[in-house]
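*Asks:* here is my input; please provide its structure:
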Amino acid sequence: MYELNICHLYPDLLNLYGDRGNIIAIKKRCEWRGISANVFNLTLGDTFEPETYDIVFLGGGQDYEQEIIQDDVLNQKGPEIKNAIKNDKVFLCICGGYQLLGNYYKTWDGKEIEFLGALNLWTIGGKKRMIGNIVFECDFLKSPDSDGLVVGFENHSGRTYLGPEVTPLGKVVKGYGNNGEDKHEGAIYKNVYCSYSHGSLLPKNPALTDHLITLALKQKYKDFVSLQKLDDSLEERARTSMISKTVTSG
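*Replies:* Sure, this is the predicted structure:
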C-alpha cells in the first residue's frame, strides 16, 4: 500500500480562513483510495527533517504571526526547507506562507523585511487590500476531465512579483491574483505550488488536490502511475457553481 507523510508547518500560527482544510482534503482523498496519509504538525523550535515528509504545507498568517516565526524560518528550519525544495519535495504554500518563501517583503512605507529566499519572488505592501473570490486558469490541470479552472478566496495587501525562473500558478479570470496588474496568480518552482487562495483552496478544487498527491507519489514510488478516479460529482457541482457566480458577479 502507498503511504504519504504530510508536514504541516506552524499550524498554530499560520491558519487563516480555514487553510487547515487543505491538509484535510489531501488526507481524505488519499484515504478514499486506500493510500495511508499521516499528518505531522511542526511549530517553533521543532526540527524539520525533510526526508521524513512527502508533502509540506505552509498556510497563511497576518504580519504579526509572520514576525513571530521569522527567526525560526530563516535560521532554524530555513536551510532544510531550501534543501527540500532543491530535492523536489512537494510544497503547497498559501498567502503569508507563499510570501515567506520569497526574497523580501517591503512595507508600504518602505521598510524591507528579509524572507527565506527559497524562491526568486518578492512582495511589496500596499494600502489597499485585494479581497474577494478569485477564479484562475491552470494549463497543467486541463484534460478531458478538467477545465483547468480553480476557484478560491483572496485577502491580501501585498503585491507579489515573480523572477524569471518562477512561473505563475495560473492566469486570472476574475479577481486580483499576485498583484492586480499582470493577471498572474500564484507561483510554481520545481514542485513548490504557491497561491493567494484561501477558503480553503484544495477542498474546492479536487483536480489540483489530486495533482499534488500524484506528484508526491511519483517522487516516492517509482512504480506509481496514476490515481484511481473518485466520484467527484458533488465537489464538481459546488466548484462550477462557485466559478459561475464569481465570473458573472460585478
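
*Asks:* contacts only, for the residue located most distally from the centre of the chain.
*Replies:* What lies farthest from the middle of the chain is Asp109; by Cα atoms, centre = their mean that is 27.7 Å. Listed by Cβ atoms under 8 Å, 6 or more residues apart in numbering, Asp109 has no contact partners. Backbone N, C-alpha and C define where each C-beta goes, glycine included.

*Asks:* wait, isn't Asn191 in contact with Phe91?
*Replies:* Yes: assessed by Cβ atoms under 8 Å, Asn191 is found in contact with Phe91 at 6.7 Å.

*Asks:* that older thread, make sure the residue farthest from the centre of the chain is indeed in a strand.
*Replies:* No: Asp109 is assigned coil when assessed by DSSP: H, G, I helix; E, B strand; the rest coil, not a strand.

*Asks:* for Gly96, see how far away it is.
*Replies:* To Gly96, Asp109 is 19 Å away according to Cβ to Cβ, to the nearest Å.

*Asks:* quick one: secondary structure of the closest residue to Gly126 other than its chain neighbours?
*Replies:* Take Gly126 and drop its neighbours on the chain: the residue closest to it by Cβ to Cβ, 6 or more residues apart in numbering is Ser157, 5.1 Å away. Per three-state DSSP, the secondary structure class of Ser157 is strand.

*Asks:* check contacts around Ser157.
*Replies:* Neighbours of Ser157 in contact, by Cβ under 8 Å, 6+ apart: 108, 125-130.

*Asks:* let's see the pLDDT reported for it.
*Replies:* Note on Ser157: pLDDT of 93.

*Asks:* and what of the one 3 residues further on?
*Replies:* Among the per-residue scores, Thr160 shows a pLDDT of 98.

*Asks:* also Leu141?
*Replies:* 97.

*Asks:* in space, what's closest to it - neighbours in sequence excluded?
*Replies:* In space, Leu141 is closest to Gly148, 4.3 Å off (Cβ to Cβ, 6+ apart).

*Asks:* done for today, thanks.
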